[in-house]
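Novice: here is my input, please return the structure:
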Amino acid sequence: MKADVLITNATIVTMNADREILSEAAIALNGERIVQLGPTADLAAAFPKAEVIDGAGKVVLPGLINAHTHIAMSLQKGITLAVPDGLYRVMWPVEKSLTAEDCYVGALIGGAEALKGGSTTVVDHYFHMEQVTKAAIELGLRGVMGHTIMSRLGPITGERELEEGIDYVRRWKGQHPLITPWLAPHASDTVARDWLLRLRDVASEEGVGLHLHLAQSTLERSYIEEQYGMGCVEYLDDIDFLGADVLAAHCIHIKDSEIDLLAESGAHPLYCPMGHALGGQPARAWEMVQRGADVLIGTDCVCGNNEMNLVSELRIAGASQKQLTGDHTAMPAGKILEMATVNAAAAIGMGDQLGALVPGYLADLIMLDFDRLHAVPNYDLHNNIVYTCHGRDVHTVIVHGEVVVRDHQLQTLDEAELAALAQEKGPALIRRAVAKEQDLAALWDAA
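Specialist: Got it, this is the predicted structure:
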């Protein structure tokens, strides 16, 4: 047995079956796999030729899995914040001016931010997914990727998008170790019933998952009620769309009985704490968990969240649910960590590869600085991780055995160049959009 990287002297939160936490420990990596965990002295002696990364004062965690993202939307940061019905009034009109180049550049920027915020895997859903995929590979970011499919209402619709979404899956299946292609219908109201049925069949035939938005707005709920006389979750259940291979973002405007349908079907509601809180419509995530639904956590897009920082999102998840329920014991820190690691890994079909630090698993992990003023002293490690740490505490990120963030700095691309691109490409997109959509001009100064 050999190892080429050895992290030493760290506190390791394994998230293994016994949820072991190892102190003054080491973890050995060889290529893309975890080889061994144990006392630092033992592993240092066993692997004397490995590159050593000193983990003193650090906590090592499995790489976090961001279960709902649109990384290419980084060029649109904050544009829907505090705008009523911003999805329809701002986001979609702006997206009519999107180019493939915008999505590539935006994904480089958003993907880099996701990595630096502790995400080693993103479950992403957007237009021009070929370009988003290219960006993820360049960054060294793992992605469960789906090309957005819409038949009505949205900025980019039509049969061509349906076929591209299906073709994307068939092109990318098994083609790259970092990329897992999924199908990505947009929402229950924006994708025709016959399209949803076809995508359900294709997902089963191809052995891939389905990632969509569900019950995210009152407009969506009202449309489904008018057309089918039932709620959004009830509708998808009625057409046999739901299943354990479905990730459903938001699930805000639903009835109690629909929570039970999600739990019974095995579908995974996706909780986006900051976006929901800023939108004034918090999801009943803890209630869903208590009723048996396997809730996961995502950041959503930066249009209404403003950052792709999953480490910080964990704090908002706990605080929001405690406030919403009036129960200070709601959404405990250990459960939050499970939602972003082992549970998310199982939901994307990689429960035997990701989400825990176990020999034989893929070498996806993060290291958090844990010796700064805000993180000491430490009496409860899980609580300190969730409630004291921020994305800026992410010291090292390793994906598929490759160090992609070292000492807080992105290794695969130049951060200053990415920031300059954001300053250039973002305003250019907004100017084009305002020129096409005059109603946008009243919302902000795009000069």
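Novice: show me where pLDDT drops low in the protein?
Specialist: Scanning the chain for pLDDT under 70 picks out 442-447.
Novice: domain parsing for it?
Specialist: Domains of the chain are assigned by automatic domain parsing as 5-62+363-410, 64-347.
Novice: can you say which of these is nearest to L357?
Specialist: Proximity to L357 (CB to CB) singles out domain 5-62+363-410 among these, at 4.6 Å. The way it works is simple: take the backbone N, C-alpha and C, and place the C-beta from them, glycine included.
Novice: can you count the residues close to T99?
Specialist: By other CB atoms under 10 Å, 15 other residues sit near T99.
Novice: quick revisit: can you redo the domains of the chain as CSV with distance to L357?
Specialist: Below are the domains of the chain laid out as CSV (distance: least, CB to CB, whole Å):
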stretch, distance to L357
domain 5-62+363-410, 5
domain 64-347, 9
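Novice: contact partners for L153?
Specialist: By CB atoms under 8 Å, 6 or more residues apart in numbering, the contact set of L153 is W92, D189, T190.
Novice: could I get the full set of helices for the stretch 201-350 of the chain?
Specialist: 218-228, 232-238, 256-265, 273-278, 285-290, 310-325, 333-340, 342-347 (DSSP state H, counting those that start in this stretch).
Novice: against which helices or strands is the fourth one packed?
Specialist: So the one you mean is helix 273-278. In terms of contacts (3 or more CB pairs under 8 Å, 6 or more residues apart in numbering; DSSP states H and E), helix 273-278 is packed against helix 310-325.
Novice: how about residues contacting the helix it packs on?
Specialist: Residues contacting helix 310-325 (CB under 8 Å, 6+ apart): 64, 66, 114, 117-119, 271-274, 276-277, 282, 284-287, 297-299, 328-333, 336-337, 339-340, 368, 385-387, 389-391, 393-394.
Novice: so that helix versus helix 333-340, what angle?
Specialist: Orientation of helix 310-325 against helix 333-340 (axes from the mean of the first three to the mean of the last three CA atoms, to 10 degrees) gives an angle of 120 degrees.
Novice: packing partners of the top helix by length along the chain?
Specialist: Ranked by number of residues, the top helix in the chain under DSSP state H is helix 415-436. Counting contacts by 3+ CB pairs under 8 Å, 6+ apart, helix 415-436 is packed against helix 92-95, helix 100-116.
Novice: dump the longest one to PDB, restricted to CA.
Specialist: Meaning helix 100-116. Extracted C-alpha coordinates of helix 100-116, given in PDB (Å, rounded to 0.1, in the frame of the first residue of the first chain):
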ATOM      1  CA  ALA A 100     -23.000  30.300 -23.900                       C
ATOM      2  CA  GLU A 101     -19.900  32.400 -23.100                       C
ATOM      3  CA  ASP A 102     -21.800  34.000 -20.200                       C
ATOM      4  CA  CYS A 103     -22.600  30.600 -18.800                       C
ATOM      5  CA  TYR A 104     -19.000  29.400 -19.200                       C
ATOM      6  CA  VAL A 105     -17.500  32.400 -17.500                       C
ATOM      7  CA  GLY A 106     -20.200  32.500 -14.900                       C
ATOM      8  CA  ALA A 107     -19.600  28.900 -14.000                       C
ATOM      9  CA  LEU A 108     -15.900  29.400 -13.600                       C
ATOM     10  CA  ILE A 109     -16.600  32.200 -11.200                       C
ATOM     11  CA  GLY A 110     -19.500  30.500  -9.300                       C
ATOM     12  CA  GLY A 111     -17.700  27.100  -9.300                       C
ATOM     13  CA  ALA A 112     -14.600  28.700  -7.800                       C
ATOM     14  CA  GLU A 113     -16.700  30.400  -5.100                       C
ATOM     15  CA  ALA A 114     -18.400  27.100  -4.400                       C
ATOM     16  CA  LEU A 115     -15.100  25.300  -3.900                       C
ATOM     17  CA  LYS A 116     -13.800  28.000  -1.600                       C
END
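Novice: helix or strand next in line after that helix, which one?
Specialist: Downstream of helix 100-116, the next assigned helix or strand under DSSP states H and E is strand 119-126.
Novice: just checking, which helix or strand succeeds that next one along the chain?
Specialist: For strand 119-126, the following helix or strand on the C-terminal side (DSSP H and E) is helix 129-139.
Novice: mind checking which of the contacts of helix 310-325 are buried?
Specialist: Among those, those classed as buried by 16 or more other CB atoms under 10 Å are 64, 66, 114, 117-119, 271-274, 276-277, 282, 284-287, 297-299, 330-333, 336-337, 339-340, 368, 385-386, 389-391, 393-394.
Novice: rewinding a little: distance to L373 and neighbour count added to the contacts of L153, as JSON lines?
Specialist: Compiled in JSON lines, the contacts of L153 are given as follows (distance: CB to CB, whole Å; neighbours: other CB atoms under 10 Å):
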{"residue": "W92", "distance to L373": "44", "neighbour count": "17"}
{"residue": "D189", "distance to L373": "48", "neighbour count": "25"}
{"residue": "T190", "distance to L373": "47", "neighbour count": "21"}
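Novice: and which of these is nearest I430?
Specialist: W92 (14.0 Å).
Novice: what about the closest residue to H213 other than its chain neighbours, how many residues nearby?
Specialist: Leaving aside its sequence neighbours, H213 sits nearest to A187 (CB to CB, 6 or more residues apart in numbering; 4.2 Å). A total of 24 residues lie near A187 under the criterion other CB under 10 Å.
Novice: one more: K2?
Specialist: With other CB under 10 Å as criterion, K2 counts 11.
Novice: that one contacts A46, doesn't it?
Specialist: No - using CB atoms under 8 Å, K2 makes no contact with A46, being 9.4 Å away.
Novice: follow-up on the earlier one: for the longest helix of the chain, buried residues please.
Specialist: L418, L421, A422, K425, G426, L429, I430, R432, A433, V434.
Novice: what about the residue nearest to L43 when sequence neighbours are not counted, which SS state?
Specialist: Distance criterion CB to CB, 6+ apart; nearest residue to L43, sequence neighbours excluded, is A26 at 4.0 Å. Here A26 takes the strand state, with states given by DSSP: H, G, I helix; E, B strand; the rest coil.
Novice: ok, A26 - contacts?
Specialist: Going by CB under 8 Å, 6+ apart, A26 touches 6-10, 37-40, 42-44, 55.
Novice: one more time with 7 Å
Specialist: By CB atoms under 7 Å, 6 or more residues apart in numbering, the contact list for A26 reads L6, I7, T8, G38, T40, L43, A44.
Novice: now list the buried members of those residues.
Specialist: Among the contacts of A26, those classed as buried by 16+ other CB under 10 Å are L6, I7, T8, T40, L43, A44.
Novice: which ones among those residues are found in strands?
Specialist: Applying DSSP state E to these, the entries found in strands are L6, I7, T8.
Novice: redo those residues as JSON lines? Include distance to A248.
Specialist: As requested, those are exported to JSON lines (distance: CB to CB, whole Å):
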{"residue": "L6", "distance to A248": "40"}
{"residue": "I7", "distance to A248": "36"}
{"residue": "T8", "distance to A248": "41"}
